[in-house]
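**Student:** Got a sequence here, can you model it:
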Amino acid sequence: MKKKKQNIFEAAMSVFGKKSNGDWYQDNFSDAYFKTYFQNTDKAVWTPRNYEKFAEEGYAKNVVAYRSINLIAQAVSSVGLKVFKEDKNGQIEVLNHDILKLLKRPNPCCSGKEFLESIIIYRMINGNSFVMAVAPDNVTPRELHVLRPDRVSIIAGKGGLPSAYQYNTGERVQNVPVDRISGRSKMLHIKNFNPSNDWYGMSPIEAAAYSIDQHNQAGVWNQALLQNGAKPSGALVVKVNGDGSGGTLSEEQFSRIKNQVDEQYSGAANAGRPILLEGGLDWKEMSLSPKDMDFIESKNSSARDIALAFGVPPQLLGISGDNSYSNLIEARVALWEQTVLPLLDNVINSLNNWLAPMYKGEGLTIAYDTDSISALSHRREKVWKRIQEAEFMTVNEKRAAVGLSSVEGGDGI
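**Tutor:** Below is the predicted model of the structure:
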């Protein structure tokens, strides 16, 4: 029985192929997965929940998820970062500091914009982002590197804290310890909330996985239809004679007709070519038309669900039919206020809790410049107008409300 089970597993692996070194793809497809797959061949088969499949099916092969992820990542990385230092008069902006230089150029191969984009993209695909600081002990970081999340493993510890992070490139394994008391480490882990896992975050692609599969399959169906000459599939039916004879083909006749159809009537190059039927054969169309299947609306529905999972208004992706100028403006504002800014706040707070304390005794705080966000400019104009028209506020109070310093003689109404 055990030998038979192994043969089934090997047969399944032969369908999916082997690695270049001859090993089976056991790290991506477990024995249990194939057992479920073969026992449920009459049910829908969805994308397996792992990073490689999410990256391939949800990012590389799905235009809606790809555009949504990059739209969010590019928006986050477009915001200018600032650094403030604690002073006796409050916080003052520091225009030239090592931490600011580090954030603008985290490492020789990466700019500050690419650094933030990588954090967001990995988090969108995997639900986790890992940043490692390269620095000698008790010395401020020299470089920051965003690591591929599928290469980082969390070694569980006691008290709800990891004991270490393990980074495995295949050629080298590096352990990054975590302080048991303070929880500090040279590895920063930024993750989404996951209700079923204490250590790893949940990817938005997982919530959108069914819709992504449906959207991808709609594209495959459409491509197959085009390659088949944009003609619906059908069947060649062998007519039955009046006396009940006929209705069957010999093995030789079946093979010959099948080869003839494949070579002369399939593919885009043979589109519109009339089929020549021998005596006793009849053509019956069997498939439903795209209109019958409501193909376009089904694909748009899946696309809207994907955009919803990432928090991107469908108008910005060209999905919804209501794409007027005013609606696009409101959609951009909604994207920033509901998706981009919360993500940016989370990343900045993580950097403040992890990176800023490495510069001991300086009281540094990392922030971002909201005035550089063009999508929110009309909102700022409304706020400034209301403040300007407030008759109960002094000049300095109005200036303080918009982030400006006080002026002499500005304490009167």
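
**Student:** so where's the stretch 51-200 of the chain shaky on pLDDT?
**Tutor:** Under the criterion pLDDT under 70, no range of the stretch 51-200 of the chain is flagged.

**Student:** which residue ranges form the helices in it?
**Tutor:** For the stretch 51-200 of the chain, the helices defined by DSSP state H, counting those that start in this stretch occupy 51-53, 63-77, 98-104, 112-126.

**Student:** just so I know, which of these lies nearest V407?
**Tutor:** With Cβ to Cβ as the criterion, V407 lies closest to helix 98-104 of those, at 28.1 Å. For every residue, glycine as well, the C-beta is placed using N, CA and C.

**Student:** Need the residues that contact the closest one.
**Tutor:** Contacts to helix 98-104, defined as Cβ atoms under 8 Å, 6 or more residues apart in numbering, come from residues 81, 83, 94, 111-112, 115, 140-141, 143-144, 351, 355-356, 359, 364, 366.

**Student:** Report the buried residues of that helix.
**Tutor:** I99, L100, L102, L103 (16 or more other Cβ atoms under 10 Å).

**Student:** How about stretch 329-347?
**Tutor:** Across stretch 329-347, burial judged by 16+ other Cβ under 10 Å covers A331, R332, A334, L335, W336, T339, V340, L341, L343, L344, V347.

**Student:** now swap in stretch 84-94 and tell me
**Tutor:** Buried-residue list, stretch 84-94, by 16+ other Cβ under 10 Å: F84, V94.

**Student:** related to what we said a few turns ago, identify those among the contacts of helix 98-104 that sit within strands.
**Tutor:** Among these, the ones falling in strands (DSSP state E) are L81, V83, E143, L144, L364, I366.

**Student:** what's the angle between the host helix or strand of I212 and helix 63-77?
**Tutor:** Applying DSSP states H and E as the criterion places I212 in helix 209-227. With axes from the mean of the first three to the mean of the last three Cα atoms, to 10 degrees applied, the angle from helix 209-227 to helix 63-77 works out at 130 degrees.

**Student:** Now do the helix or strand hosting D345, average pLDDT.
**Tutor:** Assigned by DSSP H and E, D345 belongs to helix 341-354. Per-region confidence: helix 341-354 scores 95 on mean pLDDT.

**Student:** hmm, who's touching it?
**Tutor:** So helix 341-354 is contacted by 72, 76, 79, 81, 103, 116, 119-120, 123, 184, 188, 190, 365-368 (Cβ under 8 Å, 6+ apart).

**Student:** Now do the helices in the stretch 251-400 of the chain.
**Tutor:** Using DSSP H, counting those that start in this stretch, helices in the stretch 251-400 of the chain cover 251-264, 290-293, 295-310, 325-335, 341-354, 377-388, 395-401.

**Student:** Report the contact partners of Y165.
**Tutor:** Applying Cβ under 8 Å, 6+ apart to Y165 gives the contacts F130, V152, S153, I154, I155, N175, V176, V178, S185, M187, H189.

**Student:** hang on, the earlier thing: quick one: which of the buried residues of helix 98-104 is nearest to E252?
**Tutor:** For the buried residues of helix 98-104, the closest approach to E252 (Cβ to Cβ) belongs to L103, at 73.6 Å.

**Student:** Would you mind measuring from the closest one to V347?
**Tutor:** Remark: distance between L103 and V347 (Cβ to Cβ, to the nearest Å) = 11 Å.

**Student:** Report the separation between the residue nearest to L116 when sequence neighbours are not counted and L343.
**Tutor:** Excluding its sequence neighbours, the residue lying closest to L116 (Cβ to Cβ, 6 or more residues apart in numbering) is S77, at 4.0 Å. Using Cβ to Cβ, we find S77 at a distance of 11 Å from L343.

**Student:** again with I92
**Tutor:** Distance from I92 to L343, by Cβ to Cβ: 27 Å.

**Student:** Check R148 too.
**Tutor:** In terms of Cβ to Cβ, R148 sits 20 Å off from L343.

**Student:** Please export the C-alpha coordinates of stretch 156-169 as CSV.
**Tutor:** C-alpha atoms of stretch 156-169 as CSV (Å, rounded to 0.1, in the frame of the first residue of the first chain):
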residue,chain,number,x,y,z
ALA,A,156,9.6,30.8,18.2
GLY,A,157,10.6,31.8,21.7
LYS,A,158,8.9,32.1,25.0
GLY,A,159,6.7,34.9,26.2
GLY,A,160,5.3,35.8,22.7
LEU,A,161,8.7,36.9,21.4
PRO,A,162,10.8,35.2,18.7
SER,A,163,14.1,33.9,19.9
ALA,A,164,15.8,34.5,16.6
TYR,A,165,15.3,35.1,12.9
GLN,A,166,16.9,32.7,10.4
TYR,A,167,17.8,33.9,6.9
ASN,A,168,18.5,31.1,4.4
THR,A,169,19.7,31.8,0.9
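
**Student:** which phi and psi does the closest residue to A331 other than its chain neighbours have?
**Tutor:** Counting by Cβ to Cβ, 6+ apart, A331 lies nearest to P313, which is 3.8 Å off, once chain neighbours are set aside. Here is the backbone geometry of P313 (degrees, to the nearest 10): phi -60, psi 130.

**Student:** which regions of the stretch 251-400 of the chain lie under the pLDDT threshold?
**Tutor:** 264-280, 283-295, 320-326.

**Student:** could you redo the last one with a cut-off of 90?
**Tutor:** 251-302, 315, 317-333, 360-363, 368-400 (pLDDT under 90).

**Student:** tally of neighbours for P136?
**Tutor:** 8 (other Cβ atoms under 10 Å).

**Student:** Hmm, I typed the wrong one, I wanted L71.
**Tutor:** L71, neighbours per other Cβ under 10 Å, totals 18.

**Student:** what sits against it?
**Tutor:** L71 neighbours (Cβ under 8 Å, 6+ apart): V312, L316, L317, L335.

**Student:** Quick check, the first one in contact with I72.
**Tutor:** Yes - because the distance of 6.8 Å satisfies Cβ atoms under 8 Å, V312 is recorded as touching I72.
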